[in-house]
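**Q** heads up, no residue letters with this:
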C-alpha cells in the first residue's frame, strides 16, 4: 500500500513539472508573436518607402537606358567610319610607296637583273596591298554610310541631342557619301592603281619575251644575239615575278588580258624557236603539192618532220607547259593554265599534223612505204611523251588528231604494200621480158624492197601496222595473228606475185634457150640476194631453196641441154645414111661447128648469164665438162678423115671459157667469187636417153 502511494506522489510531481514547463513555453510563444507583429509593421513601412522611392527613380532609369541605347548606336556608326578613314589613310600611304618604287624601276627598265626583279616583287606586293586597301574602302563605305544615316535618322526622330549637332552630323554623312561615290571609283579605275596595273602588264610582257628556248636545233643563242635560257625557261626569281604579276592581274579583273598576253608572247617565242630549224618544207602540205615534190626532197622533208616533231614535243612544248603551270598554276585553282598551254601548242601541232596528213593522203607510190613506216614508228615512239604532254580534257582534241594521223599512216602503209604486190603480179612495169635473159629491173627492185622491209628498222613497224589494220577489221575481241606471222604472210604474197610475174615473162620468150637463161638468172638472183639476210631468215631456208634455188638449178639443167645438148648429140649420133664414113664425119663436124658458131654468137650478143661470178664460173665449168670431152673424143677419133682443118679441142675450150667470161675477161675485171658449199649442181653427166627424152629439137 505504501509502495503504491509513493508511486502516485512521484507521478504527480512529474505532472506538475510538465505543467510548469508548458506554461513557460506558452509565455515564450506569446512574446515571439509580439515580435513578429512588430517586424511585420516595420516591413510594411519599408515597402511603402521603397514604392515611393521607385516612383521617384523611374524617370532617371529611363533616361539612363536611353543614353545607353544612344551610345550604342553612335559607337556602331563611328567604328565603321573610323575604319574607313584608316583605309583611306593606308591607301594614300601605299600610293606614295608605289610612286617611290616606280621611280626606282623606271631607269632600269631594260635591265633584267636580280636586283631589279626583287624591286619588281616589292612593286607587285605594294600593288596587291593597295588593291586590298581600295577593296576594303569599297566594302566598308556602304556599311559606314548606312550606320551614320541610321544615327542621323534616330537623333532627328528622338531629338536626343540639339538641332545643331544633328545638322552637323547630317552634313558629315552627305560629305562621306559623296566622297565614296567619287573617290573610290577614281582611285580604282583612274588613279595610281590603274596606272600600276598597266605598268605590270608591260613588265609581264617584257619578262615573257625574255624567256627564250635554248639549244633548239643546236642553236644556243637568242634571235637577237642575247644569251639564251637553258631547257628550263626562266630562273626561279623570274618565275616568281611572273607568277605574282599573273595573280595580281587576275585579282584586279585583268585575267583576260593576262591570258592573252601570255598566250600571244609564248606562242611567238615557241614558234621562233622552231623557226631556227628552217622548217620551210612545212609550207607544202596538200597531197597535190606533195605529189609534185621530187622524191629526194620529200625524203628529206619527212626526215626533218620526224626530228622537228619530236623536238617540238619533248623540248619546246614540255618547257612551255612547265612555264604555264609555274606562272598560272595558282589562278582559279589550277583550271586556267592547261587551257593556255593548249592554245600555245595547238597552232604549232596543227602545222605538223597538216604536213603528215598530206603525206599520208598523197599518191601511194611503192617507195613511200618506208617513209610512211618511219613516220608511224616515230609517232609510236613519241606517243608516251605526247600523251603525257597533252593529258587531260584540254589536250583531248590534239590527242585525237594525233590518233587520226596514225590511222592515216596505217591505211596508207598497208595500201602501198598491197598495191605494190598487185603491180608486180599485174606486170605493170610495162616492159617486155629482157631480150638477153637478164634479171628484170622489177625483180631487182622488188627483192631489194622486201629485203629492206625485212630489216629490223622496218619489220617491226610494218608488222605493227598490219596487226593494227587487222584489229580494225576483225575487232579487238577477235584473236589476232602474231605480228611476225602477219608480216611473213604479207611478204609471202608479194614473193609469190613476183614468182608469177617471172613465169609470165618466161612464157613470152620464143627462144627456149633464152627462156631457161632468164629463169636461171632470175631465180638464182632472188635466192642469192636473200640468202643469209633478214628476208631469207623470215621466209625460211627450206622455202627459199624450194622456190628459187631448185628452180634455178632446174633451169640451168634445161639450158645446158637446150643450148649445148644438141651439139653434143651431133658428135655422138651415128649417121646411117651417109655415103661414106669420111663424108659423114665431115658433115657431122660441119654441123657441129655451125651450131657452135651460132650458139657462141648468141651468147655474145643475145644471151647473158647473170653477172654473178660464182654462177658464171659454175656454168662455165659445167658447159666445158659437157661439150669438151665429146668434142675431144670425136676430134681425136676422126682427125685423119677431116678434109680441112678444124679447131683443136684446146681452142674450143678457150672459146667456151671466153664465152662465159664475157667482157670482164677482156677488161681484166673479174668479180669476187662467192664460194659456197650450197652451190647448185650444174655439172652433170648427160645420157643420150636424157637428151632425147627432155630436149625437143
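**A** Great, that's in hand. These numbers were taken from a predicted model, which means no experiment stands behind them.
**Q** chain center to stretch 382-392, what's the gap?
**A** 5 Å (C-alpha atoms, centre = their mean, to the nearest Å).
**Q** what does that stretch rub up against?
**A** 309-310, 313-314, 317-318, 321, 338, 342, 345, 379, 395, 398-399, 402 (C-beta atoms under 8 Å, 6 or more residues apart in numbering). The C-beta positions use only the backbone N, C-alpha and C, and glycine is treated the same way.
**Q** Tell me the one of these nearest residue 373?
**A** residue 379 (10.7 Å; C-beta to C-beta).
**Q** secondary structure element for the closest residue to that closest one other than its chain neighbours?
**A** Once flanking residues are discounted, residue 379 sits nearest to residue 406: 5.4 Å by C-beta to C-beta, 6 or more residues apart in numbering. Using DSSP states H and E, residue 406 falls within helix 396-425.
**Q** what's the helix or strand that comes right after that helix packed up against?
**A** As assigned by DSSP H and E, the chain's next helix or strand after helix 396-425 is helix 441-454. On a contact count with 3 or more C-beta pairs under 8 Å, 6 or more residues apart in numbering; DSSP states H and E, helix 441-454 meets helix 368-389, helix 396-425, helix 456-474, helix 483-507, helix 512-530, helix 534-539.
**Q** Residue 593 is nearest to which of those helices?
**A** Short answer: helix 512-530, nearest of these by C-beta to C-beta, at 18.4 Å.
**Q** Please report how far the residue nearest in space to the middle of the chain lies from residue 321.
**A** By C-alpha atoms, centre = their mean, the mean C-alpha position of the chain lies nearest to residue 386, the distance being 2.5 Å. According to C-beta to C-beta, to the nearest Å, residue 386 and residue 321 sit 12 Å apart.
**Q** how much does the helix holding residue 406 deviate in direction from helix 368-389?
**A** Put simply, helix 396-425 runs at 160 degrees to helix 368-389, going by axes from the mean of the first three to the mean of the last three C-alpha atoms, to 10 degrees.
**Q** most packed of the helices and strands packed on helix 441-454?
**A** With neighbours taken as mean count of other C-beta atoms under 10 Å, those reach their highest mean count in helix 512-530, at a mean of 24.
**Q** residues in contact with the helix or strand containing residue 299?
**A** Assigned by DSSP H and E, residue 299 falls within helix 295-311. Defining contact as C-beta under 8 Å, 6+ apart, one finds that helix 295-311 is touched by 216-217, 274, 277, 279, 281-282, 284, 290, 293, 352, 355-356, 359, 367, 371, 374-375, 378, 382.
**Q** Would you list the buried entries among those?
**A** Neighbour-count burial within the contacts of helix 295-311 applies to 216-217, 274, 277, 279, 281-282, 284, 290, 293, 352, 355-356, 359, 371, 374-375, 378, 382; the criterion is 16 or more other C-beta atoms under 10 Å.
**Q** Looking at these, which are in helices?
**A** 274, 290, 352, 355, 356, 359, 371, 374, 375, 378, 382 (DSSP state H).
**Q** Buried subset of the contacts of stretch 382-392, written for PyMOL?
**A** In PyMOL, this line selects whichever of those come out buried by 16+ other C-beta under 10 Å:
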select buried, resi 309+310+313+317+318+321+338+342+345+379+395+398+399+402
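**Q** quick one: which of the contacts of stretch 382-392 is nearest to residue 640?
**A** Closest to residue 640, out of all of those and judged by C-beta to C-beta, is residue 379, at 83.5 Å.
**Q** Quickly name whichever of the ones in helices among the buried ones among the contacts of helix 295-311 is closest to residue 506.
**A** residue 371 (33.8 Å).
**Q** Could I get the contacting residues of that closest one?
**A** Residue 371 makes contact with 298, 299, 302, 359, according to C-beta under 8 Å, 6+ apart.
**Q** State the distance from the first one to residue 88.
**A** In this structure, residue 298 and residue 88 are 72 Å apart, going by C-beta to C-beta.
**Q** Which secondary structure state is assigned to residue 652?
**A** helix (DSSP: H, G, I helix; E, B strand; the rest coil).
**Q** contacting residues around the nearest residue to it once chain neighbours are set aside?
**A** Excluding the flanking residues, the one nearest residue 652 by C-beta to C-beta, 6+ apart is residue 631, at 5.4 Å. Contact analysis of residue 631 by C-beta under 8 Å, 6+ apart lists 571, 592, 649, 652.
**Q** next one: residue 543
**A** Residues near residue 543 by C-beta under 8 Å, 6+ apart: none.
**Q** List the buried residues for the strand or helix carrying it?
**A** Secondary structure assigned from DSSP H and E places residue 543 in helix 541-544. Buried residues in helix 541-544, counting neighbours by 16+ other C-beta under 10 Å, are found at residue 544.
**Q** Now the element after that helix, going C-ward?
**A** helix 550-560.
**Q** Make sure residue 659 is actually in contact with residue 604.
**A** Yes - Residue 659 is in contact with residue 604 according to C-beta atoms under 8 Å; the separation is 6.9 Å.
**Q** higher neighbour count, the two?
**A** Shown here are residue 659 and residue 604; by other C-beta atoms under 10 Å, residue 659 has more neighbours (22 against 13).
**Q** any idea how far residue 555 is from the residue nearest to the more buried one when sequence neighbours are not counted?
**A** Closest residue to residue 659 apart from its sequence neighbours, by C-beta to C-beta, 6+ apart: residue 603 at 5.1 Å. Distance from residue 603 to residue 555, counting by C-beta to C-beta: 16 Å.
**Q** for residue 612, same thing?
**A** Taking C-beta to C-beta, one finds residue 612 at 14 Å from residue 555.
**Q** same question, residue 131
**A** 93 Å.
**Q** Neighbour count for these two, which is higher?
**A** When residue 131 and residue 555 are compared for neighbours, residue 555 comes out ahead with 22 against 19, by other C-beta under 10 Å.
**Q** My guess is the more buried one contacts residue 514. True?
**A** No - counting by C-beta under 8 Å, residue 555 sits too far from residue 514 to count as a contact (11.3 Å).
**Q** could you list every residue that touches residue 191?
**A** residue 95.
**Q** per-residue confidence at it?
**A** pLDDT, residue 191: 70.
**Q** And it, how close does it get to residue 244?
**A** Using C-beta to C-beta, residue 191 is found at 21 Å from residue 244.
**Q** Spatially nearest residue to residue 128, not counting backbone neighbours?
**A** That would be residue 248: by C-beta to C-beta, 6+ apart, it lies 5.7 Å from residue 128.
**Q** go on, residue 254?
**A** Once flanking residues are discounted, residue 254 sits nearest to residue 197: 6.0 Å by C-beta to C-beta, 6+ apart.
**Q** That neighbour - how many residues pack around it?
**A** For residue 197, using other C-beta under 10 Å, the count is 18.
**Q** Any buried residues in stretch 315-334, and which?
**A** Residues of stretch 315-334 classed as buried: 315-324, 326-331 (neighbour count, 16+ other C-beta under 10 Å).
**Q** For it, give the mean pLDDT please.
**A** 92.
**Q** And that stretch, end to end?
**A** The straight-line separation of the ends of stretch 315-334 (C-alpha to C-alpha, to the nearest Å) is 23 Å.
**Q** ok so, going back, residue contacts, the residue nearest to residue 379?
**A** 376, 379, 380.
**Q** of these, closest to residue 562?
**A** residue 376 (49.0 Å).
**Q** check contacts around the closest one.
**A** Shown in contact with residue 376 (C-beta under 8 Å, 6+ apart): 406, 409, 410, 413, 461, 464, 465.
**Q** Could you export these to a markdown table, including columns for distance to residue 80?
**A** Output for the contacts of residue 376, formatted as a markdown table (distance: C-beta to C-beta, whole Å):
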| residue | distance to residue 80 |
| --- | --- |
| 406 | 66 |
| 409 | 70 |
| 410 | 72 |
| 413 | 76 |
| 461 | 75 |
| 464 | 73 |
| 465 | 75 |
